[in-house]
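J.: need coordinates for the following:
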Amino acid sequence: MKEHRIIAIANQKGGVAKTTTAYNLGYCLQKRGKKVLLVDFDPQASLTISFGVEYPDQQLDRTVVDLLQRVIDRQPLPDLGDYLLEKDGLSLLPCNIVLSTMEVPLMTFIGGKTALREILTPLCSRFDYIIIDCAPSLGQLTINALTACDGVLIVTTPQIHSTKGMELLIDSISSVRTYSNPGIQIDGILVAMHTERTNIGKEVLRVTKEALGDAIPIFQTTIPRSVKVDEAHYASKPLGLHDPYGKVTAAYDTFCTEYLGGDVR
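T.: This next block holds a predicted model:
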């Protein structure tokens, strides 16, 4: 995969470990010597909170919202470095709940689909990887992320309704490819919160591979379910620091290697 890559981590369903994947894939990449920028593009601000900002709505004066508004108002962008937070070798462009108010302005602005791309383009020369944590929806925020990215990493869980919901996301990616980002590709599907010992988990994983595996790559690595994920979130640490020898930490490290090597089935 080329350097200076923008990855959108997406699924319109919430609670499938998108934020956990964004944070820990980013950490695994920086451990491999890559410069990584995380972009919180979900109004719930879970990634920003995981980064150590306990109350994003009260504590942050500068967020991605300000930059989006500048693009809409056709004002020049400021020094973007002033908007980035730094922690554990990672950089973050944060957000808060105010991001939810941008859906309508982005929809009515003639260049609304490309607003995030305008913001990220000047940052590409500073980072090897930019990882966007998308909102659990298929609204204008997610369309912006899909328009800005090179590749989409779909994160799902081994549940029937999660698998069915991916069809809508895949249709949205196809529309974005047609109208606003012809170079977008689906990097693959990562199954998270997986419990290998349960029959339903095995069955849903099998159905997912049968339904989508021929057209869309599914990563061999799966991310197991563990209480350590929640612990790391509350500790505001990536799993590699909170639980360095744990099974989820090992799984994300293995996944990172697989992702970089493109070894999917």
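J.: quick one: residue 92 is in a helix?
T.: No: assessed with DSSP: H, G, I helix; E, B strand; the rest coil, residue 92 is strand; it does not lie in a helix.
J.: next, the contact list for it, please.
T.: 37, 38, 39, 40, 47, 48, 51, 84, 85, 86 (Cβ atoms under 8 Å, 6 or more residues apart in numbering). Quick note: C-beta positions are derived from backbone N, CA and C, even for glycine.
J.: rerun at 10 Å
T.: Counting by Cβ atoms under 10 Å, 6 or more residues apart in numbering, residue 92 touches 22-23, 26, 36-40, 47-48, 50-53, 83-86, 131, 133.
J.: buried ones from the residues you listed, can you make that a ChimeraX selection?
T.: What follows is the ChimeraX syntax selecting those of the contacts of residue 92 that are buried according to 16 or more other Cβ atoms under 10 Å:
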select :22,23,26,36,37,38,39,40,47,48,50,51,53,83,84,85,131,133
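J.: quick one: which of the contacts of residue 92 sit in helices?
T.: 22, 23, 26, 47, 48, 50 (DSSP state H).
J.: any idea how far the fifth one lies from residue 261?
T.: Which is residue 48. Between residue 48 and residue 261 the computed distance is 30 Å (Cβ to Cβ, to the nearest Å).
J.: after the helix or strand of the chain with the lowest mean pLDDT, next one along is what?
T.: In the chain, no helix or strand scores lower on mean pLDDT, DSSP states H and E than helix 199-212, which sits at a mean of 62. Remark: after helix 199-212, the chain's next helix or strand is strand 218-224, criterion DSSP states H and E.
J.: can you map out the helices along the stretch 101-250 of the chain?
T.: Here the stretch 101-250 of the chain has its helices, by DSSP state H, counting those that start in this stretch, at 103-108, 115-120, 140-148, 160-179, 199-212, 227-235, 239-242, 247-261.
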